[in-house]
Structure formats: C-alpha cells, structure tokens
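turn this into a model:
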Amino acid sequence: MRRGHERPSMAPRRDLTLLAVPGYFAAIALEHALLRRRARRHHPTTGDYEGKDTIASLAMGTASVVVPLVMNPLLRQVTPGRGRYGKALVTAAIGAAAVTTVADAMVGRLAVPPSTTPPRSTEGGAGSLRTDGAGKSVARRFASVGGVVSVTTGGLCVSALLRSALSPENLWRRRLRPQIVNGPLAAALAILGWDFVYYWNHRFMHESRFMWAAHVVHHSSERYNLSTALRQPVAEAATVPFPYGALCLFGISPALVEMARGVNLLYQFWIHTETIGRLGPPEAVLNTPSHHRAHHGSNPQYLDRNHGSILIVWDRLFGTFEPEGEPVVYGLTKDIKTFNPLRIATHEHARMLADVAGAEGWSERLSYLLRGPGWIPARLDATSAPAA
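Take a look at the predicted model:
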C-alpha cells in the first residue's frame, strides 16, 4: 500500500466507452445481418432492427455524450457555494417554495363548503376577487406554477451541490485509508465496488420517479438488440445518484474509478440481444442477455427486476431477481409510440412536472418526485375507482 498523502496519477484518462465505438458499430452490423437471415428463414421478432427505432437509439446515444458537454459546465455555474449563479438559483428555489406555501395556505383557507359560508364579494379595482371560488382558483394557479418552479430549481440546486461535493476527486482528498497499490487487486476491487453501487443506483432509478424520468429513455424501445444498449439518458447530470466516488474513500484512486465505469458500461453492451440464449451455470453469478431481457420486459413479473450490471448476485441477495420465463414484451407499461428523440428524452419529465403542477400540498409534490413512477395520491385513486 502507498502512504496516505500520495496523490493518484494525473495522466490523461482514456474513456473506454468512446474507444469502443467502432466495436459497437461492428457488432451491430453483424447482429443485423444475422437477424435478417433468421427473419428470412423463420419469422420476424422483436429483436429485429427497425429503421426508425435504430436511428432513435443511435441519436439518443449521441446525445448522451454531447449534452453533458454543455450541461455539466452549466451546472457548475449554478452550484451553490461554488458557481457564479449558485446564489441566484438558491434564491429562486426558496422564493418559489415560499410563494407556493402561501398559495397552498390560501387554497386551504378558501376551501370552505358553500353551505356554511356564503360567497363573498369584494368591491375594488378591476383585478379584485369577486368570490371565494375565484380567489381559490387564483391561489391554485400560483401554487401550480410555484410548485413546478420550486421543485425544478430546488432539484438542480441539490443535484449540482451533491455532484460537486461527492465527486471522486473531492472524496479522494478525504479518503479514510491509504491508496491501494494500482494492480490487479485494486482494479478488481474498483470494478466490484462500482458494480455494487451501480446495482443500488439502477434500482433507485426504477423506484423513484425523478430518477426514472431520466432512465426511462433506456427502456422506451419496443425492440431489443445491440442498438438498444446505446439508447442512453441525456439528463443524468440533473439526477442524484449514490456517489461512485465513495470508492475513493477506501483507497481506490479516481483513475481506477473511471476505469471501473468503462468496464461496467462495456459489459452492459453485449447483454442487449436476443441472439444469445441462456448460458447455463455462469447465469448463477453473472448478468446475461437472458437476465437482462427480463429486466427490459413490461410484463408484470419482470417489472423492477434484475438491476445488476456485471453480477446478478446482488439481485439474488436483495430480492430483485427474476429469471426469464414467458416471452418478454419490451417497452414501457404505457408506450409513447414515437421515434422523436426530443420527446423520448423529455416525455416523463413533462408528465412528472404536470403531476406536480396538479398536486395539492407539499406532501403530494414530493411524493410525485420521490415515490415510484406509478404512485398517485389516495384522493385520485379513490375517485378514479369504478363504482360498485
């Protein structure tokens, strides 16, 4: 082991995922040829390539590389305590939250049954309220707009601050133990540690809606082939994942953390295929195409299952494993039926913010953000139930 005060190598890091791009396209071309031949001999499948779907996946993959180049510098500018506009963003978030809270109180105050309090008329200027109903409507509009602004600006504040504070470089400076000597053991520990954190992040992405709003991009295709692996989120910079940089606290250098990221992503590429069947004994430990096909299924038994990346043992240990059984139906439980990359990238954010706009009170707003994608408040669940 090296002494604790030593610094990691500052040599330029190579992004393994970008170096592998030619291999991605070569593998896609080979799979496409194999699937075309199989379709001619037998019948088409949901693993086959469809022009518009493939273009959409490749567009999302390109955007997932390009957008962070613009978004990350912008987030640094609004990071509280660090960025030039951090205070302005915090002020906007607090101000919007205050307006929303006051509007919520007014809605509650004016929500009086007509039988107990007759409508009031307030004489005044052209903009005066004429009835409690009109006042309540105005208050609801303020609460609606204020709620959206506050959760958006507040979310950006939290995301930017945590990403800056919990970066590998920052946590490396606060490490709890000396650096582990670079070598096979350190590399293995980095890959294993990344895989463990990835499992919880991936699970969180399925179980919390504001994380799902970014991750849903990857599940939006109704087909399943190697091009689907490249259909990646573009807004992950605005999410709040568990910090992979935490590995640095235990003596794993930032360079090794970045290497582990590349290995993890490279492994995930080949499991997005129907051309590889079950692999036998290795499936007890490793994530495989069979396990990951189930993960991409919208069938009820496959929802929120098989979150592992390289290892499937995390799912087996923590109760989220489901073997591939009945044929997998790919896509979302409510498919969006579009190949437009912009809509693919933003549709769930739009729905989520629309729900926040219609929420009644902070409990509902935060629940729409933090609870599962299918959560609805009891008041809506009860009124939407069919009559007995």
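
every contact and neighbour count from this point should use C-alpha atoms.
Fine.

list the buried residues of the host helix or strand of Leu192.
Element membership for Leu192 (DSSP states H and E) is helix 184-207. Applying a neighbour-count criterion of 16 or more other C-alpha atoms under 10 Å, the buried positions in helix 184-207 are 186-187, 189-207.

repeat for stretch 337-349
Across stretch 337-349, burial judged by 16+ other C-alpha under 10 Å covers Phe339, Pro341, Ile344, Ala345, Thr346, His347, Glu348, His349.

let me see the contact set for the fifth one.
With contact taken as C-alpha atoms under 8 Å, 6 or more residues apart in numbering, Thr346 is in contact with Ala213.

please tell me how far the nearest residue to Ala260 once chain neighbours are set aside sits from Arg203.
With sequence-adjacent residues excluded and distances taken as C-alpha to C-alpha, 6 or more residues apart in numbering, Ala260 is closest to Ile191, at 4.7 Å. Plainly put, Ile191 is 18 Å away from Arg203 if you go by C-alpha to C-alpha, to the nearest Å.

what does Ala139 give?
From Ala139 across to Arg203, the span is 38 Å (C-alpha to C-alpha).

same question for Ala97.
Noted for Ala97: a distance of 29 Å to Arg203, by C-alpha to C-alpha.

ok, now Arg140?
To Arg203, Arg140 is 35 Å away according to C-alpha to C-alpha.

how about low-confidence regions in the stretch 51-200 of the chain?
Applying pLDDT under 70 to the stretch 51-200 of the chain flags residues 111-132.

sorry, back to before: could you point out the helix or strand that follows the helix holding Leu192?
Following helix 184-207 toward the C-terminus (DSSP H and E): helix 209-219.

that following helix - contacts with which helices or strands?
Applying 3 or more C-alpha pairs under 8 Å, 6 or more residues apart in numbering; DSSP states H and E, we find helix 209-219 packed against helix 184-207, helix 341-357, helix 362-370.

outside of the strand or helix carrying Trp314 itself, list whatever touches it.
Using DSSP H and E, Trp314 sits in helix 313-318. Outside helix 313-318, the residues that touch it by C-alpha under 8 Å, 6+ apart are Phe196, Tyr199, Ala284, Val285, Leu286, Arg305, Asn306, His307, Gly308, Phe321.

the first one: what's it in contact with?
Residues touching Phe196, when contacts are defined by C-alpha under 8 Å, 6+ apart, comprise Trp314.

so it versus Leu162, what's the distance?
20 Å.

please point out which parts of the lengthiest helix in the chain sit buried.
Longest helix of the chain, by residue count under DSSP state H: helix 132-165. For helix 132-165, the buried set under the neighbour-count rule, 16+ other C-alpha under 10 Å, comprises 132-133, 135-136, 138-151, 153-164.

could you tell me how many residues sit around Glu222?
Per other C-alpha atoms under 10 Å, the neighbour tally for Glu222 reads 19.

hmm, Val328 and it touching each other?
No. The pair Glu222 / Val328 is not scored as a contact, 10.3 Å apart, by C-alpha atoms under 8 Å.

buried residues in stretch 314-329?
For stretch 314-329, a neighbour-count test (16+ other C-alpha under 10 Å) marks Trp314, Asp315, Thr320, Phe321, Glu322, Pro323, Glu324, Val328, Val329 as buried.

mind exporting it as CSV, just the C-alpha atoms?
C-alpha atoms of stretch 314-329 as CSV (Å, rounded to 0.1, in the frame of the first residue of the first chain):
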residue,chain,number,x,y,z
TRP,A,314,-26.8,-8.5,-6.0
ASP,A,315,-30.4,-9.2,-7.3
ARG,A,316,-30.3,-12.7,-5.8
LEU,A,317,-29.1,-11.3,-2.4
PHE,A,318,-31.5,-8.3,-2.2
GLY,A,319,-34.7,-10.0,-3.6
THR,A,320,-35.0,-8.4,-7.0
PHE,A,321,-34.1,-11.4,-9.2
GLU,A,322,-36.5,-12.8,-11.8
PRO,A,323,-35.5,-15.5,-14.3
GLU,A,324,-36.6,-15.2,-17.9
GLY,A,325,-39.7,-17.2,-18.4
GLU,A,326,-42.6,-16.3,-20.6
PRO,A,327,-41.8,-14.3,-23.8
VAL,A,328,-40.7,-10.7,-22.9
VAL,A,329,-42.8,-7.8,-24.0
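
chain center to that stretch: distance?
On the basis of C-alpha atoms, centre = their mean, to the nearest Å, stretch 314-329 sits 20 Å off its chain's mean C-alpha point.

neighbouring contacts of stretch 89-98?
By C-alpha under 8 Å, 6+ apart, stretch 89-98 touches Val78, Pro80, Gly146, Gly147, Val149, Ser150, Val151, Thr152, Thr153, Gly154, Cys157.

good, wrapping up.
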